[in-house]
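*Asks:* Here's a sequence, model it:
(chains A and B)
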Amino acid sequence: EDQVTQSPEALRLQEGESSSLNCSYTVSGLRGLFWYRQDPGKGPEFLFTLYSAGEEKEKERLKATLTKKESFLHITAPKPEDSATYLCAVQTGNQFYFGTGTSLTVIP
Amino acid sequence: KAGVTQTPRYLIKTRGQQVTLSCSPISGHRSVSWYQQTPGQGLQFLFEYFSETQRNKGNFPGRFSGRQFSNSRSEMNVSTLELGDSALYLCASSLTTNWEQYFGPGTRLTVT
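*Replies:* This next block holds a predicted model:
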């Protein structure tokens, strides 16, 4: 069964304290892995797409990496405005499967 | 470039009623997908439309249906509403199938 698991469920960081969020998946035929950010009351905002193991992408304080079984979203020196829920999704066949997200709180 | 828009933003319905939600994709995007988001289940895929045809369907009962018009706008219909249908319904558009998706703000449906 195709499955996407994100950990931790919640993470509290001090401003400037770097950390990583994990997305592990068991799917057959991965076509792509996507990271989104979701603020309360809003739809998910697209961040990155990764297609193959070893691929990395960066945007400001965020860096996403992909291995054969998991992806990491590294947050370097986070700021309070980085507080949000981060979702990962995998595409297999013609469907997207989402994890339940990691709720990140960055404390000033 | 305007983003994905969804109407209405909030809706309160009574059990047994039906509801229609609307989604206008980003200009030029031909694929529209619908998702249900609840605190316990996260985002669950409902269905995807491309060029007015349903391409993919998730594991939801037949009470959930949709359609897409020639201008790529899409509607989703839920008949015989149940309390468990209360959720945030999200629409996402993409250039084509199997491409990165851009989400709208969602419609918050409450069934009483």
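
*Asks:* near chain A, which residues of chain B?
*Replies:* Contact residues, chain B versus chain A (CB under 8 Å from any CB of the partner chain): B:4, B:33, B:35, B:41-45, B:48, B:55-56, B:58, B:90, B:92, B:97-98, B:100-106. C-beta: built from backbone N, CA, C; applies to glycine.

*Asks:* switch the cut-off to 10 Å
*Replies:* B:3-4, B:6, B:9, B:33, B:35, B:37, B:39-45, B:47-48, B:50, B:55-58, B:88, B:90-92, B:94, B:97-106, B:108 (CB under 10 Å from any CB of the partner chain).

*Asks:* Just the buried residues out of those residues, in PyMOL syntax.
*Replies:* Selection of buried members from the residues of chain B next to chain A for PyMOL, criterion 16 or more other CB atoms under 10 Å in any protein chain shown:
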select buried, chain B and resi 4+6+33+35+37+42+43+44+45+47+48+50+55+56+58+88+90+91+92+94+97+98+100+101+102+103+104+105+106+108
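
*Asks:* Take the residues of chain B next to chain A and keep only those in helices.
*Replies:* Among the residues of chain B next to chain A, no member is found in helices (DSSP state H).

*Asks:* Against B:V19, how distant is the residue lying closest to B:T80 once chain neighbours are set aside?
*Replies:* Among residues not flanking B:T80 along the chain, B:R63 sits closest, at 5.5 Å (CB to CB, 6 or more residues apart in numbering or on different chains). Using CB to CB, to the nearest Å, B:R63 is found at 10 Å from B:V19.

*Asks:* list residues touching both of these two?
*Replies:* Common contact partners of B:R63 and B:V19 (CB atoms under 10 Å, 6 or more residues apart in numbering or on different chains): B:77-79, B:81, B:85.

*Asks:* Verify the stated contact: B:S79 with B:R15.
*Replies:* No - look at B:S79 against B:R15 with CB atoms under 10 Å: they stay out of range, at 11.9 Å.

*Asks:* How about the secondary structure of whatever residue of chain A ends up closest to chain B?
*Replies:* Proximity of chain A to chain B (CB to the nearest CB) peaks at A:G43, 3.4 Å away. What DSSP: H, G, I helix; E, B strand; the rest coil gives for A:G43 is coil.

*Asks:* Now for it: which residues touch it?
*Replies:* So A:G43 contacts A:36, B:3-4, B:6, B:35, B:37, B:88, B:90-92, B:101-106 (CB under 10 Å, 6+ apart).

*Asks:* From A:K59, how far off is it?
*Replies:* From A:G43 to A:K59 the distance is 18 Å (CB to CB).

*Asks:* Could you single out the nearest of the contacts of A:G43 to A:T92?
*Replies:* Distance to A:T92, by CB to CB, is smallest for B:Q101 among the contacts of A:G43, at 14.6 Å.

*Asks:* shouldn't the closest one be in contact with A:P44?
*Replies:* Yes - the criterion here is CB under 10 Å, and B:Q101 meets it with A:P44 at 8.4 Å.

*Asks:* Now for those two: what residues contact both?
*Replies:* Shared contacts of B:Q101 and A:P44 (CB under 10 Å, 6+ apart): A:34, A:36, A:89, B:35, B:90, B:92.

*Asks:* For the last one, which non-adjacent residue is closest in space?
*Replies:* What it means is B:A92. B:A92 sits nearest to B:Q101 (CB to CB, 6+ apart), 3.9 Å away.
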